[in-house]
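K.L.:
Curious how this folds, go ahead:
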Amino acid sequence: MSIGQVNIVNGTSPKTIKLEAAAARTRGDVVRIGVGGSTGANVDITLADDTNIYTVAVCNENAATGDVYEAIVQGTTVMTVTSDTYTVGNGVHLLNGTVLNSDAAAEAPTGISTLNDFGVVLVGGTAVTEITATLYGDAVTAQT
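P.N.:
Residues are numbered from 1 along each chain as shown. The predicted structure follows:
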């Protein structure tokens, strides 16, 4: 099994939702969950450089603009990230509109939106652009 095929860990399936693509998406893209899609599904929103409260999802399949696709909101998945060093056990957060290693042990998931980490790194590395992480499924605050 290649790293891009990780969909089930420890016998449990990730929690998924259907999203409408506001722009073309590639499997592994991290997006913000929005509302008001024309198809009846929630629409995804491209990450931005702001301090908004986000609930993130990771695209589980490629999608063209307007397509409805499956996205993972909680559980273990492979995601595309900004090239950086990602340390196993560190958090994953949103900084300046990008997904980055938190440079510290992952914050415990609590459901409190003032936390910044939306997941924990399971498979990382140096100068990587793809990691395996477990998403908490909680709202987080983006940082600038």
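
K.L.:
Please count neighbours and contacts with C-alpha atoms only from this point.
P.N.:
Noted.

K.L.:
and the closest residue to Asn62 other than its chain neighbours, what is it in contact with?
P.N.:
With CA to CA, 6 or more residues apart in numbering as the measure, Thr26 is the residue that lies nearest to Asn62, at 4.3 Å, once sequence neighbours are left out. Contact analysis of Thr26 by CA atoms under 8 Å, 6 or more residues apart in numbering lists 59, 61-63.

K.L.:
do Asn62 as well
P.N.:
24-27, 69 are the contacts of Asn62 under CA under 8 Å, 6+ apart.

K.L.:
what do you get for Asp117?
P.N.:
91-94, 102, 106-107, 140.

K.L.:
one more time with 10 Å, if that's ok
P.N.:
90-94, 100-102, 104-109, 135-136, 138-142 (CA atoms under 10 Å, 6 or more residues apart in numbering).

K.L.:
quick one: pLDDT of Tyr114?
P.N.:
Let me fix one detail, which is that residue 114 is Thr and not Tyr. With respect to pLDDT, Thr114 scores 83.
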